[in-house]
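>>> Have a look; sequence and predicted model below, questions after that.
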Amino acid sequence: MNTSLLKRDLSVGWKGILILLIVLGHNSILCKPSIEADHFYIWRSWLYTFHVWAFFVLPFLYGCKELNLVDIVKHAKRNIIKLLVPYLWISVLCVFIMLIMGGGQFQLSKIVLSFLVGSQWMTSTYMGFHFLWFLPTMLMVIVVRDVYFNVSQSVKMLIVLIAFCFWLLESLGISLGYLNYIPLNFVGSMKYILVGICARELIEASFHYKYIGKIMVSIFVLASMVFGYLEYHELNQIYSLFSQVIKILIPISFAYIIVSCQKWGRFHVLRFLGKYSLQIYLFHVIIYNVLLRVTLCFLNPSILLGVSLLILTIVFSLMVAIVINHFPRIMNVLFPR
């Protein structure tokens, strides 16, 4: 049995922290989407090096009982229902909104393909919203995690090698052709699997060699500073591979911070947010965009407006989640367990 490095009840609080950072990262007023808009966009880019990544690392930090092939398949089936059912209805809703807002044409074959592949580019291009990729990717990460925890050392090394090769090819900008069309964002999930495995191995090693923990904290700080420098001076494209190494070191080292500071997750407000983190994730982008469109008809963008929209987005997303939770039948249909 793989021991747990992170208590599940405390990880709920950390999910609350992470979902707050994700909502903040999607706030186009406080976190500028491009350097042309404002140099503060670096803040947004830095957030994206660890806040979403951390959600994919968490499954590797939990304990896992020994599973045989039948158990792994059963667990996979449960997660397919748990993650793909929300993915289905939120995808239909997003396509419907896209068509109403005139953001694209109805191309059924490409929409279906995008749904099956689940990559960031395809869901954004043909389904109207960028955030949809998270659910199929999480499913792939969890399935591979279960396999990784229950195979021999040689097979584990093979999984790491495959994940590393996909990450390296992507980092070098080498096209993977038809491999990009493997369902459940298989190619895109490899870097998260690589980070999850590396993070777990290093954190376990830090229990025996205390200096590893200090090194990981130092790496997080230094890598973040280097990343900020490269972003500010627009050098990420010039030093592409080096930049990708920096981007992968940040979430690996951040995972150590989560484990070593897991008691931060005990606060009730954070645990309350973490309890509804999936619902907040699925609803907040739509809610924020509605609020933004309405408010910009009357007000000019400002820090005050950005903060107000951040608070309102979280509050309204929570309200929707709580209302759904109060109706068990609807909850079981939309978010089956």
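Sure thing, it's come through. A quick note: this is a predicted structure, and the numbers were derived from the prediction, not measured.
>>> Could you use CA atoms for every contact and neighbour count after this?
Will do.
>>> Could you report the pLDDT at the residue nearest to the spatial centre of the chain?
Centroid check for the chain by Cα atoms, centre = their mean gives Val52 as the closest residue, at 3.0 Å. On pLDDT, Val52 comes in at 96.
>>> gap between it and Gly25?
Counting by Cα to Cα, to the nearest Å, the gap from Val52 to Gly25 is 10 Å.
>>> Same check on Ile19?
10 Å.
>>> ok, back up a step: roughly how far out does the helix or strand containing the residue nearest to the centre of the chain sit from the chain middle?
Secondary structure from DSSP states H and E places Val52 in helix 51-61. Distance of helix 51-61 from the chain centroid (Cα atoms, centre = their mean, to the nearest Å) equals 7 Å.
>>> Show the low-confidence segments of the stretch 151-300 of the chain, by residue range.
238 (pLDDT under 70).
>>> can you give me the helices in it?
Assigned by DSSP state H, counting those that start in this stretch, the stretch 151-300 of the chain shows helices spanning 153-171, 186-208, 210-232, 240-260, 268-275, 277-295.
>>> Count the residues that sit near Ile22.
21 (other Cα atoms under 10 Å).
>>> Neighbours of the residue nearest to it when sequence neighbours are not counted, how many?
Of all residues not flanking Ile22 in the chain, His51 sits nearest, at 6.5 Å (Cα to Cα, 6 or more residues apart in numbering). By other Cα under 10 Å, the residues close to His51 number 20.
>>> correct me, but His51 touches Leu21?
Yes: contact criterion Cα atoms under 8 Å: His51 and Leu21 qualify, at 6.5 Å.
>>> Name the residues contacting each of the two.
Listed contacts common to His51 and Leu21 are nil; contacts here mean Cα atoms under 8 Å, 6 or more residues apart in numbering.
>>> Gly265 - nearest residue in space that isn't next to it in sequence?
Using Cα to Cα, 6+ apart, the closest residue to Gly265 is Gly13 (3.7 Å).
>>> And for Ala321?
Gln279 (5.7 Å).
>>> tilt between the longest helix along the chain and helix 277-295?
Longest helix in the chain by number of residues (criterion: DSSP state H): helix 69-100. Interaxial angle of helix 69-100 relative to helix 277-295 (axes from the mean of the first three to the mean of the last three Cα atoms, to 10 degrees): 10 degrees.
>>> For helix 69-100, which residues meet the burial criterion?
Within helix 69-100, the residues scored as buried using 16 or more other Cα atoms under 10 Å are 72, 76, 79-80, 82-87, 90-91, 94-95, 97-98.
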